[in-house]
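**Q** Return a 3D structure for these sequence lines:
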Amino acid sequence: MTDLRKTVETFWATAEARDWDAFADTLAEDVTYELPQTRERISGKARYVRFNREYPGDWHARIERILAEPDQIVTWIRCRVGDEEVDAISFFTGDGSGRIATVTDFWPEPYEPPAGREHLAERY
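**A** The predicted structure is shown next:
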């Protein structure tokens, strides 16, 4: 059995290092990348690597938390572009040979809480 968690850790490390050949090695040929919030889908290793290589800005990502099962991984990453930091949740599945078959990313926008909860919650 292959270690999908190690593959996903390598995925993030090579993305951060901009080592696109090593990044590509973590992916199945027919990898599918989905962004449900924008309803975008990228199919295939070459297109997904190019998407990341050409993504604008000097972005940096680090893993905050990783949850692993044998055939699926969830990561919470903190991504920084300049002075702005955002969090993302990514869901990964494997292809059975240790490569990533699917990636689904959620990039939530921060927002102010509704009024009326101040007595229950503290802000951080």
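**Q** Please enumerate the strands of this protein.
**A** 27-35, 40-43, 59-69, 72-81, 84-94, 100-106 (DSSP state E).
**Q** any chance of the ones you listed in CSV, with distance to residue 50 and mean neighbour count too?
**A** C-betas here are computed from N, CA, C, even on glycine. Compiled in CSV, the strands of the chain are given as follows (distance: least, C-beta to C-beta, whole Å; neighbours: other C-beta atoms under 10 Å):
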stretch, distance to residue 50, mean neighbour count
strand 27-35, 11, 17
strand 40-43, 9, 13
strand 59-69, 16, 14
strand 72-81, 19, 17
strand 84-94, 18, 16
strand 100-106, 15, 18
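**Q** Columns mean pLDDT and distance to residue 118 on top of those, output as a markdown table?
**A** Shown next, in a markdown table, are the strands of the chain (pLDDT from 0 to 100; distance: least, C-beta to C-beta, whole Å):
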| stretch | mean pLDDT | distance to residue 118 |
| --- | --- | --- |
| strand 27-35 | 98 | 34 |
| strand 40-43 | 98 | 37 |
| strand 59-69 | 95 | 27 |
| strand 72-81 | 96 | 27 |
| strand 84-94 | 96 | 23 |
| strand 100-106 | 98 | 27 |
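**Q** which one of those strands lies closest to residue 115?
**A** strand 84-94 (23.9 Å; C-beta to C-beta).
**Q** Each with direction, which strands does the closest one pair with?
**A** Using DSSP bridges, strand 84-94 pairs in its sheet with strand 72-81 (antiparallel), strand 100-106 (antiparallel).
**Q** what comes into contact with that strand?
**A** 2, 4, 7-8, 11, 61, 64, 71-80, 100-110 (C-beta atoms under 8 Å, 6 or more residues apart in numbering).
**Q** and if we set it to 6 Å?
**A** Residues from elsewhere that reach strand 84-94 (C-beta atoms under 6 Å, 6 or more residues apart in numbering): 4, 8, 71-79, 100-107.
**Q** again with stretch 68-79
**A** Stretch 68-79 is contacted from outside by 4-5, 8, 59, 61-67, 85-94, using C-beta under 6 Å, 6+ apart.
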